[in-house]
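J.: Let me see the structure of the following:
(one chain, ligands or ions: 1)
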Amino acid sequence: MAEIEKVGVLGCGLMGHGITQVAAQAGYEVVVREVDEAPLAKGIGKIEKQLARAVEKGKATQEDADAVRSRIQGTVDYGDLADCDLVLEAITEDLGLKLEMWAAVDAVAKPEAFFATNTSSLAVIEQAASTSRPERFLGLHFFNPVQVMKLLEVVRCVTTSPEALEVGLEFGRRLGKLTVQTNDKAGFIVNRLLVPYMLDAIRAYEEGVGSITEIDEGMKGGAAHPMGPLALLDLIGLDTIGAVCDALYDEFRERRFARPPTLRKMLAAGWYGRKSGIGFYDYSGETPVENPGLR
Ligand SMILES: NC(=O)c1ccc[n+]([C@@H]2O[C@H](COP(=O)([O-])OP(=O)(O)OC[C@H]3O[C@@H](n4cnc5c(N)ncnc54)[C@H](O)[C@@H]3O)[C@@H](O)[C@H]2O)c1
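T.: Residues are numbered from 1 along each chain as shown. Predicted coordinates:
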């Protein structure tokens, strides 16, 4: 099987910085590419903070943390991905942007490199087919926060070769993830089940079944979920969820995947959840409180 030593990551946002960190922790050399220096510095800054915290808590030695950091190279230049063995994208959930990005990556990456997408809601095949190597293309779907969540969905699309699938499974194992294979149906396993549940929580709120806190507390206490659905939406990012449910709705044309009006209004207001400081909860104080604008 092909040996993966150097990994390229596209995007250093919520998911990209986490993937970069876990890959470097597993011993891979990682090049992470962003559109410009500001988001790159922000993402790498988050990794440095987490490494420092691990040292403070005695979970890692300073030498380990330094070694992990030294394996990460940030860049804004596609050319720096030229010698990567596996290139993984975690950029904005927009097919047009992803296809544009793959055209640039495909032009510089070595022919034997494997490509993977971390898309939450798009089918993998459109991206695979846009490259010169659809048989070396697969889905590697991580969960947020990547450093904590165990699961990695390894997605086989119709063109994915057995070797590419094995590369994905082995990559996941080396990162210490629980790998589950899925076929290329939009949403894969987890989001196909989880997204309608979260959207239904918004509808329950709209229908006055309970307050934001009551809905979240209900599902924590009654279903033993570690986090309520509305807090989870804020953690994932409402902009990402908006894109995810649009893609699932486009694919299946089912109401359960459609944007509830509250989500549409929150996005128009720029309330993206934790990443913008406000979503179903307001995160500006010491502890999150219900967003007063939603009452
Ligand atoms: N948020 C989640 O919980 C979650 C979970 C699993 C998968 N995903 C998927 O991961 C991907 C990224 O989501 P996110 O939540 O990290 O989004 P994000 O908005 O936090 O980060 C996306 C980053 O990509 C960068 N970017 C855009 N175009 C780029 C390009 N051509 N090259 C390099 N960087 C580029 C942006 O500047 C931004 O920093 C999406 O496909 C999403 O569906 C998200």
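J.: contacts and neighbour counts: CA atoms only from here.
T.: Will do.
J.: Now do the strands in this structure.
T.: Ranges of strands in the chain, per DSSP state E, are 6-10, 29-33, 72-75, 86-89, 114-117, 137-141, 151-156, 178-183, 281-282, 289-290.
J.: for those, which one ends up most surrounded?
T.: Stretch with highest mean neighbour count among those: strand 137-141 (a mean of 29; mean count of other CA atoms under 10 Å).
J.: What strands line up against that strand, and which way round?
T.: For strand 137-141, the pairing partners within the sheet under DSSP bridges are strand 114-117 (parallel), strand 151-156 (antiparallel).
J.: so what's the residue lying closest to E5 once chain neighbours are set aside up against?
T.: Closest residue in space to E5, ignoring its immediate chain neighbours: Y28 at 5.5 Å, by CA to CA, 6 or more residues apart in numbering. By CA atoms under 8 Å, 6 or more residues apart in numbering, the contact set of Y28 is 4-7, 71.
J.: tell me the domain boundaries of the protein?
T.: Here the domain parsing of the chain from automatic domain parsing is 6-183, 191-290.
J.: and the stretch 1-150 of the chain, which of its residues are near the ligand?
T.: Contacts of the stretch 1-150 of the chain with the ligand, taken as CA under 6 Å from any ligand atom, map to 10-16, 33-35, 39, 90-93, 101, 118-120, 141-144.
J.: Using PyMOL, make a named selection holding only the buried ones among the residues you listed.
T.: The buried subset of these, as determined by 16 or more other CA atoms under 10 Å, is captured in PyMOL by this line:
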select buried, resi 10+11+12+13+14+15+16+33+34+90+91+92+93+101+118+119+120+141+142+143+144
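J.: before we move on, back to that, could you dump the strands paired with strand 137-141 to TSV with mean pLDDT?
T.: Putting these into TSV (pLDDT from 0 to 100) gives the following:
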stretch	mean pLDDT
strand 114-117	98
strand 151-156	98
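J.: Including distance to V76, could those strands go into TSV?
T.: Formatted as TSV, those follow (distance: least, CA to CA, whole Å):
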stretch	distance to V76
strand 114-117	19
strand 151-156	27
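J.: Mind exporting the C-alpha coordinates of stretch 175-192 to PDB?
T.: Provided in PDB are the C-alpha atoms of stretch 175-192 (Å, rounded to 0.1, in the frame of the first residue of the first chain):
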ATOM      1  CA  LEU A 175      -4.700   9.200  13.900                       C
ATOM      2  CA  GLY A 176      -6.300   7.000  16.500                       C
ATOM      3  CA  LYS A 177      -9.800   7.500  15.000                       C
ATOM      4  CA  LEU A 178     -12.700   5.000  14.900                       C
ATOM      5  CA  THR A 179     -13.200   4.500  11.200                       C
ATOM      6  CA  VAL A 180     -16.500   3.700   9.600                       C
ATOM      7  CA  GLN A 181     -16.900   3.100   5.900                       C
ATOM      8  CA  THR A 182     -19.800   4.600   4.100                       C
ATOM      9  CA  ASN A 183     -21.000   4.900   0.600                       C
ATOM     10  CA  ASP A 184     -21.300   8.300  -1.200                       C
ATOM     11  CA  LYS A 185     -24.800   9.300  -0.300                       C
ATOM     12  CA  ALA A 186     -25.000  13.000   0.600                       C
ATOM     13  CA  GLY A 187     -24.800  13.400   4.400                       C
ATOM     14  CA  PHE A 188     -23.200   9.900   4.800                       C
ATOM     15  CA  ILE A 189     -24.400   8.200   8.000                       C
ATOM     16  CA  VAL A 190     -24.100  10.700  10.700                       C
ATOM     17  CA  ASN A 191     -25.300  13.900   9.100                       C
ATOM     18  CA  ARG A 192     -28.200  12.100   7.300                       C
END
